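1. Sharing a sequence plus its predicted fold:
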Amino acid sequence: PAGGVIKTKSTILIIVVPIFLIALFAVNTLWNAGQFKRISPVSLYRCTPVTGFPGPEDIVIDRTDGTALISFTDRRAAMAGTAHYAGIIAYSLATPGAKPVRAKTDFKGAFTPHGIHRYQAPDGTKLLFAVNMGMDSHFFESTGSSTVEIFAYRDGRLYHRETVAGPELSSPNDILAVGPRQFYVSIDHGATSVLGKKLENYLQLPISYILYYDGKGFRKAAGGIAYANGIAISPDGATLYVGATVGRKVHVYARDARTGELTARESVPLGTGVDNLDVDADGSIWAGCHAKLLSFVAHSKNAAKRSPSEVMRIRPLEKGGFDVARVYLNDGGELSGSSAAAAWKNRLLMGAVYDERFLDCVLLPGESPIEAGR
């Protein structure tokens with residue numbers, strides 16, 4: 001009888017312990033994905049939706065004239081394997097009543113832009129760098145056709161200069177130009193198979209990384225990141241920022257401008273799924289974020305399911321450290337799946353991965369972009 005009791009207890013333990021561990025893992029995953037977060041609307045801005053372009057994913061602003069360039073792709077059509085609308089939008093923040101216009105280009109072939117960045121060359125030429133997903137319909141089913149395209153931008157047109165390709169561009173997401181042919185690019189998954197990428201996400205594995213292209217070839221510049229996403233740089237070029245979507249933080253690196261080498265300095269926890277980053281003239285970092293990552297996954301599969309949108313502003317302090325403020329939070333009714341936030345004067349543009357709109361927001365009276373969110 002005693003042996004039978006021991007055997008019964010052992011059997012119970014064999015059954016209960018795995019169930020307990022699975023339940024613990026599930027709760028931890030839901031917690032880290034933000035699914036328990038209470039969405040109480042916050043906005044220091046009055047926002048107007050601008051429609052007509054599906055999937056306005058990334059935004060860069062030319063602060064000399066207030067022109068925003070926005071990458072867009074109808075990802076739902078792309079994922080369905082059908083013909084899809086994609087390209088670059090030009091949108092003037094300096095012209096009252098301006099409408100977004102698709103920039104014409106001489107580029108030949110499939111152009112489905114994702115992360116973008118603008119760079120002004122020493123000779124004054126304005127360049128746009130774009131991660132081109134090519135025929136890839138979705139990052140889980142990537143065909144490996146992604147490239148980086150470099151354009152000259154003038155008079156509302158994109159003139160193609162160069163294509164940078166290579167097996168290193170296995171899963172590129174965002175790009176940061178630091179020279180006429182030099183750039184950093186985030187590789188958001190270290191795994192290369194569909195199953196491997198899913199396991200990497202749900203197990204929250206920090207195996208994605210940043211590549212540096214020196215004009216001749218790629219090399220790894222930083223690693224140990226849980227879903228490397230947006231990249232931005234300080235106005236003086238000495239500090240580089242990388243958003244970690246699954247890691248829910250911003251990694252901070254010291255940058256050697258001569259060699260391109262990065263040295264990990266610190267990280268800023270945000271408690272939200274960081275997507276694209278933008279740095280404004282005073283050095284503040286603006287982050288478009290996914291407050292509930294699993295809700296975003298559901299939204300990617302079904303447009304009727306909302307994904308909360310969040311914008312964080314991270315301001316470097318003179319004596320070190322960062323001041324972090326939430327300037328926008330919504331349940332997804334105004335904008336679902338926010339992917340980018342870029343500020344110019346009293347304006348803030350917000351992009352989205354799938355929504356057929358972006359938001360043009362004006363700071364509310366009495367609010368300050370410096371004191372925002374305090």
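-> Happy to help now that I have it.
2. sec struct for the residue nearest to P235 when sequence neighbours are not counted, please.
-> Closest residue to P235 apart from its sequence neighbours, by CB to CB, 6 or more residues apart in numbering: G283 at 5.5 Å. In this view, the C-beta of every residue, glycine as well, is placed from N, C-alpha and C. Here G283 is recorded as coil under DSSP: H, G, I helix; E, B strand; the rest coil.
3. G283 contacts S234, doesn't it?
-> Yes: with contact defined as CB atoms under 8 Å, G283 reaches S234; the gap is 5.8 Å.
4. For K319, see how far away the residue nearest to P235 is.
-> Distance of G283 to K319, given as CB to CB, to the nearest Å: 14 Å.
5. neighbour-wise, which of those two wins?
-> A direct count of neighbours by other CB atoms under 10 Å for G283 and K319 places G283 higher, at 13 against 4.
6. Now that one: phi and psi?
-> Backbone torsions for G283, taken as degrees, to the nearest 10, come to phi 90, psi 0.
7. again with C47
-> phi -110, psi 140.
8. who's in contact with it?
-> By CB atoms under 8 Å, 6 or more residues apart in numbering, the residues touching C47 are 334-335, 350, 359-362.
9. try A244
-> Applying CB under 8 Å, 6+ apart, the residues near A244 are 206, 225-229, 250-251, 267, 274.
10. Make TSV from those residues and add secondary structure, pLDDT and distance to K198 to it.
-> Shown next, in TSV, are the contacts of A244 (DSSP: H, G, I helix; E, B strand; the rest coil; pLDDT from 0 to 100; distance: CB to CB, whole Å):
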residue	secondary structure	pLDDT	distance to K198
P206	coil	95	16
I225	strand	98	18
A226	coil	97	14
Y227	coil	96	12
A228	strand	98	17
N229	strand	98	17
V250	strand	98	24
H251	strand	98	23
S267	strand	97	25
V274	strand	97	20
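11. I'd like the residues you listed as TSV, with neighbour count and distance to G217 appended.
-> As requested, the contacts of A244 are exported to TSV (neighbours: other CB atoms under 10 Å; distance: CB to CB, whole Å):
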residue	neighbour count	distance to G217
P206	16	25
I225	25	21
A226	23	26
Y227	27	25
A228	33	20
N229	29	24
V250	25	28
H251	24	24
S267	16	28
V274	31	29
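12. what's the closest of the residues you listed to R326?
-> Relative to R326, the closest of the contacts of A244 is V274; by CB to CB it sits at 12.7 Å.
13. Could you report the separation of the closest one from L128?
-> 23 Å.
14. can you map out the helices along the stretch 251-374 of the chain?
-> In the stretch 251-374 of the chain, the helices defined using DSSP state H, counting those that start in this stretch lie at 293-301.
15. Quick check: which ranges of it have low pLDDT?
-> For the stretch 251-374 of the chain, applying pLDDT under 70 flags the ranges 368-374.
16. now the strands for it?
-> In the stretch 251-374 of the chain, the strands defined using DSSP state E, counting those that start in this stretch lie at 262-269, 273-279, 285-290, 309-316, 322-330, 338-344, 347-352, 357-363.
17. In contact with G247, which residues?
-> 204, 206, 225-227, 274.
18. and it, what pLDDT?
-> What the model reports as pLDDT for G247 is 95.
19. That one falls within a strand, correct?
-> No: per three-state DSSP, G247 lies outside any strand segment and is coil.
20. And it, how far from S208?
-> Using CB to CB, G247 is found at 9 Å from S208.
21. Check V274 too.
-> Shown here: V274 relative to S208, a distance of 13 Å by CB to CB.
22. Same check on L270?
-> Counting by CB to CB, the gap from L270 to S208 is 17 Å.
23. Which one's more surrounded, those two?
-> Counted by other CB under 10 Å, L270 and S208 do not tie: S208 has more neighbours, with 28 against 21.
24. Which residue comes closest to the more buried one once chain neighbours are left out?
-> Nearest residue to S208, sequence neighbours excluded (CB to CB, 6+ apart): A228, at 4.1 Å.
25. which residues does that neighbour bridge with?
-> Applying DSSP bridges to A228 gives these bridge partners: A244.
26. wait, it sits on D188?
-> Yes: in this structure, A228 is within contact of D188 by CB under 8 Å, at 5.4 Å.
27. A strand includes I12, no?
-> No: using three-state DSSP, the secondary structure at I12 is helix, not a strand.
28. Could you check how many residues crowd around it?
-> Count around I12 with other CB under 10 Å applied: 10.
29. what about the residue nearest to P235, distance to Y241?
-> 10 Å.
30. Spit out the residues that contact the two alike.
-> Counting by CB under 8 Å, 6+ apart, the residues touching both G283 and Y241 are S234.
31. Enumerate every residue touching the closest residue to D331 other than its chain neighbours.
-> Of all residues not flanking D331 in the chain, I39 sits nearest, at 4.8 Å (CB to CB, 6+ apart). Contacts for I39 (CB under 8 Å, 6+ apart) come out as 291-292, 308, 329-331.
32. For I39, report the pLDDT, please.
-> So I39 comes in at 76 (pLDDT).
33. which SS state does it fall under?
-> coil.
34. Distance check, it against R306.
-> I39 sits 10 Å away from R306, going by CB to CB.
35. who touches both of the two?
-> Shared contacts of I39 and R306 (CB under 8 Å, 6+ apart): D331.
36. and stretch 214-226, which residues are buried?
-> Neighbour-count burial for stretch 214-226, counted by 16 or more other CB atoms under 10 Å, picks out 218, 221-222, 225-226.
37. between those, which is nearest F72?
-> Looking across the buried residues of stretch 214-226 and measuring by CB to CB, the closest to F72 is I225, at 26.0 Å.
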